[in-house]
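S.K.: turn this into a structure:
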Amino acid sequence: MKTMRGTRLNRAALGSSAVLAALAFIACTTSRKDAAADSTAASDPQVTSSANTGGAAVSGARIAVAHEGPAGEWHMPAGDYANSRYSELSSITPQNAANLHVSWAFSTGVLRGHEGQPLVVGNTMYVVTPYPNVSYAIDLAQVGQPLRWKFRPENSQQAIGRACCDVVNRGAAYADGKIFYNLLDGHTIAVDAASGNQVWRTKMGDLAKGETITMAPIVVKGKVIVGSSGGEMGVRGWIAALDAATGKEVWRAYNIGPDKDVKVGPRFKPFYAHDRGKDLGATSWPGDTWKTGGGAVWGWISYDPSLNLIYHGTSNPGPWNENQRSGDNKWTAAILARDADTGEMVWAFQVTPHDMWDYDAVNENILVDLPIKGQTRKALVHFDRNGFAYTIDRATGEVILAEPFVPMNWSTGIDLATGRPKVVESKKTAQDKNVKDICPSLEGGKNQQPAAFSPQTGLFYVPTNNLCMDFQARAVTYIAGTPFIGGNAPEKGGPGGYRGEFIAWDATTGKKVWGIKEQ
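M.R.: Numbering: from 1, shown residues only. Sure thing, here's the model as predicted:
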């Protein structure tokens, strides 16, 4: 789920999101206080797992794919295909960070969730707003940072009412002189980076069914990779590639349904036996419920050129009421590896089979090479909403290790022989049953706010949540273009009296190295 609740929490914490502080920094001081008990719950939920604590930094770890463009530029959502979000710039240090202050600010005029990052190409910064998805080019070389251009695309106002979870946008990508981004109403567009003129516009989603697009595309080998939103609207999630020059659709793969639609063929070799079989994207659902089963791609995409694989997560199955969709519900709440040229699925790993907590698996997949047990492993590191941090072999889909990075009680751990979570029976949801104190909440141990990796330390830096929920599922009927949820899940603070923690994580051991709790 692309949560509206998470967006609201972020806006409450950050204040007005209409101001972009670009190349503008605010120095801040913090004071440490004793953690106060959470006021929303009479007592802390009991947890079965919490993050282990490790030691020193990791030597020999490296980003799998080099930064795109000069060090001071940012051409794609995460800076590189590896999704590392690491910058090689070094002028800001621990010694001078306290002197940072606001240099300039730019107001987009839009008071909704700004979940994308600016791009910087040469001396120009490119920004995309939430709906109505206006794009701006800002001249960084001149005093006052004047606008080079502003482009407001045609964008159906009906999309506001069809969007399940706010009208956010997660940013753009740059390639070959063009800025590529998605519109809430289901279109993908290309804009000339120099002039701001629209180059092409392609309809990708069906707004009448509740299909919107909020994710940030990436450009791979001349193809713009985009995916759908709308898991709470009963959509059937997909990922697709468009020709970057013309906007023509090159391939489209659904994430649920029969093999031919999902693009499962002879190359598909999942690591775990239970993920092998014919048409699992349909037969792991009762009847034809897969047709409204969710599995959207509203998160981040990474790419390994050496394997020619793109990696993406899929969202929750729909509806939330698990009684209406028995089975594993493949390939929702999963990490999928696909051939970048054809969309063919090469391996799949379902992070939360039969997800009954709205945990999704859309969070970023960070591609790194890690020293593990004397070998350098081609790894994919994923901090899932379900509260587990996964270190996975990105060539095969094997889970190398998986450990909780936040307090949790819905599972006691991951069975590495199968990759499946060991679910606590008392935390399983069911229709008309109110299950209390499930940790983490549907906000997840980490939501879409991305983690980052530093090759200097070999550690991952992760913004985490410490929230729990009560979950009550209910029967729901599918009506196209309307919410298809079937549940209610009020949230509360997690154990320990804090609601979030910024942590450093060692993905070679599955341990937290340090953390700063929100006070």
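S.K.: what sits against the closest residue in space to Gly222 that isn't next to it in sequence?
M.R.: Nearest residue to Gly222 in three dimensions, chain neighbours excluded: Ala244, at 5.1 Å (Cβ to Cβ, 6 or more residues apart in numbering). Yep, even glycine has a C-beta here, placed from its N, CA and C like the rest. Ala244 makes contacts with 175-176, 178, 180, 190, 219, 222-224, as judged by Cβ atoms under 8 Å, 6 or more residues apart in numbering.
S.K.: same question for Ala361.
M.R.: Residues counted as contacts of Ala361 (Cβ under 8 Å, 6+ apart) are 313-315, 333-335, 350-352, 382, 384-386.
S.K.: try it again with 7 Å
M.R.: 313-314, 333-335, 351-352, 384 (Cβ atoms under 7 Å, 6 or more residues apart in numbering).
S.K.: I figured Leu309 hits Val346, correct?
M.R.: Yes: under the criterion of Cβ atoms under 7 Å, Leu309 makes contact with Val346 at 6.0 Å.
S.K.: residues bridging contact with the two, i.e. touching both?
M.R.: Common neighbours of Leu309 and Val346, counting by Cβ under 7 Å, 6+ apart, are 337-339.
S.K.: specify which member of those residues is nearest to Ser441.
M.R.: In terms of Cβ to Cβ, no member of these lies closer to Ser441 than Ala337, at 28.7 Å.
S.K.: what does the host helix or strand of that closest one contact?
M.R.: Using DSSP states H and E, Ala337 maps to strand 334-339. Residues outside strand 334-339 that contact it (Cβ under 7 Å, 6+ apart): 253, 255, 308-314, 344-351, 361, 365, 382, 397.
S.K.: quick one, which of the residues you listed are buried?
M.R.: 253, 255, 309-314, 344-351, 361, 365, 382, 397 (16 or more other Cβ atoms under 10 Å).
S.K.: out of those, list just those in helices.
M.R.: Among the buried ones among the contacts of strand 334-339, none falls in helices (DSSP state H).
S.K.: need the contact list for Asp384.
M.R.: In this structure, Asp384 makes contact with 351, 359, 361, 363, 390, judged by Cβ under 7 Å, 6+ apart.
S.K.: quick check: the two most widely separated of the residues you listed?
M.R.: Distances among the contacts of Asp384 were taken as Cβ to Cβ; the most separated pair is Tyr359 and Tyr390, at 12.7 Å.
S.K.: determine how far the strand or helix carrying Ile160 lies from the middle of the whole chain.
M.R.: Element membership for Ile160 (DSSP H and E) is helix 158-162. On the basis of Cα atoms, centre = their mean, to the nearest Å, helix 158-162 sits 22 Å off its chain's mean C-alpha point.
S.K.: show residues contacting it.
M.R.: Helix 158-162 has contacts (Cβ under 7 Å, 6+ apart) with 131, 167, 184-185, 207, 210, 212, 481.
S.K.: any regions of the stretch 301-450 of the chain where pLDDT drops low?
M.R.: Along the stretch 301-450 of the chain, no part satisfies pLDDT under 70.
S.K.: now do the helices in it.
M.R.: Per DSSP state H, counting those that start in this stretch, the stretch 301-450 of the chain carries no helices over any range.
S.K.: with the stretch 151-300 of the chain instead?
M.R.: Secondary structure of the stretch 151-300 of the chain (DSSP H, counting those that start in this stretch): helices at 158-162, 259-262, 280-283.
S.K.: any idea which of those is most buried?
M.R.: helix 280-283 (a mean of 21; mean count of other Cβ atoms under 10 Å).
S.K.: can you list contacts of that helix?
M.R.: Residues from elsewhere that reach helix 280-283 (Cβ under 7 Å, 6+ apart): 256-259, 262, 290, 330-331.
S.K.: buried subset of those, written for ChimeraX?
M.R.: Command for ChimeraX, covering only those of those found buried under the criterion 16+ other Cβ under 10 Å:
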select :256,257,259,262,290,330,331
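S.K.: now, which of the contacts of helix 280-283 sits nearest Thr477?
M.R.: In terms of Cβ to Cβ, no member of the contacts of helix 280-283 lies closer to Thr477 than Trp290, at 16.8 Å.
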